[in-house]
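# Here's my sequence, what's the structure:
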Amino acid sequence: MGSLIEYFKKKTAANVLEKAINHAQKVQECVRELNKGVVLLLTAKDIEKAHVSFKNVDTIEGEADRLRREILQDISKGELNPSIRTDLNHLIKRLDDVANCANGVGRRIATIPITFWDQSSAESIKKIIEMMKTTNDSADYLDKIVIDLLGERKNVKEYTKQINILEHKVDILNIELRKSLQETDYQINSFTVFTVGNTIDIMEAISDAIEVVADYISLLSTSATVL
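Below you'll find the predicted structure:
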């Protein structure tokens, strides 16, 4: 796995290195824009602006996909150590999972009728806002940890630790949110209940996917140090 680190030290890898960092930043931007949309929807109650943000998430995720394809195309050209290609593939795939989850939440939450949010308790709304804020805080480490992996690797362990802490906090908030939701007597149809549950599942999965990225980068960093 340390071969990936050595690969990025070469001048010929400069283009891929830049795209890898840009890809991480695009993924991060997906989560930030989703958080913005959730706040607009549930706090400001500006449905129109919230839906613009959710559409923006879709656009940004598309841009991240384009970068992902370009990176994979770049590393497929010429001779490249199979282990390097595999490591980079895994890293990009794990980052891509974060963007996909964010986009999945944006697409689904936009379909939930406003009547559901109107019937939701202040406690439930607060938990959703806290979940997204904590997830957004976790996403703030994405570009930092990727840059550090491909640089001096001095802070990978600390970044991973912080991401692990935030992911656990999201897990706790998710449990509290589900309890709060079940204490409310909703007057909505069954499909709305299913959509809300599915949306919350994917919302929680964002921080899970970020943690997977961090754990994989920690593994790559440790292997590079050993080598």
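# Show me where the protein has its helices.
Under the criterion DSSP state H, helices of the chain are mapped to 2-8, 14-42, 47-76, 82-109, 114-119, 122-139, 142-149, 156-182, 190-226.
# Which residues does stretch 68-75 contact?
With contact meaning C-beta atoms under 8 Å, 6 or more residues apart in numbering, stretch 68-75 is reached by 15-16, 19-20, 23, 84-85, 88-89, 92, 95-96. From N, CA and C alone the C-beta is placed, and that goes for glycine too.
# Buried ones in it, by neighbour count?
Across stretch 68-75, burial judged by 16 or more other C-beta atoms under 10 Å covers 68, 71, 74-75.
# before we move on, back to that, need the helices of the chain in TSV (columns: mean pLDDT).
As requested, the helices of the chain are exported to TSV (pLDDT from 0 to 100):
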stretch	mean pLDDT
helix 2-8	64
helix 14-42	92
helix 47-76	94
helix 82-109	92
helix 114-119	96
helix 122-139	98
helix 142-149	89
helix 156-182	97
helix 190-226	90
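# Are any of the contacts of stretch 68-75 buried, and if so which?
16, 19-20, 23, 84-85, 88, 92, 95-96.
# Excluding chain neighbours, give the residue nearest to the most centrally placed residue in the chain in space.
The residue lying closest to the centre of the chain (C-alpha atoms, centre = their mean) is V98, at 3.2 Å. Counting by C-beta to C-beta, 6 or more residues apart in numbering, V98 lies nearest to A209, which is 4.4 Å off, once chain neighbours are set aside.
# Next, count neighbours for that neighbour.
Neighbours of A209 under the rule other C-beta atoms under 10 Å: 26.
# ok, it to I202 distance?
According to C-beta to C-beta, to the nearest Å, A209 stands 10 Å off from I202.
# between these two, what contacts are shared?
Common neighbours of A209 and I202 (C-beta under 8 Å, 6+ apart) are C101.
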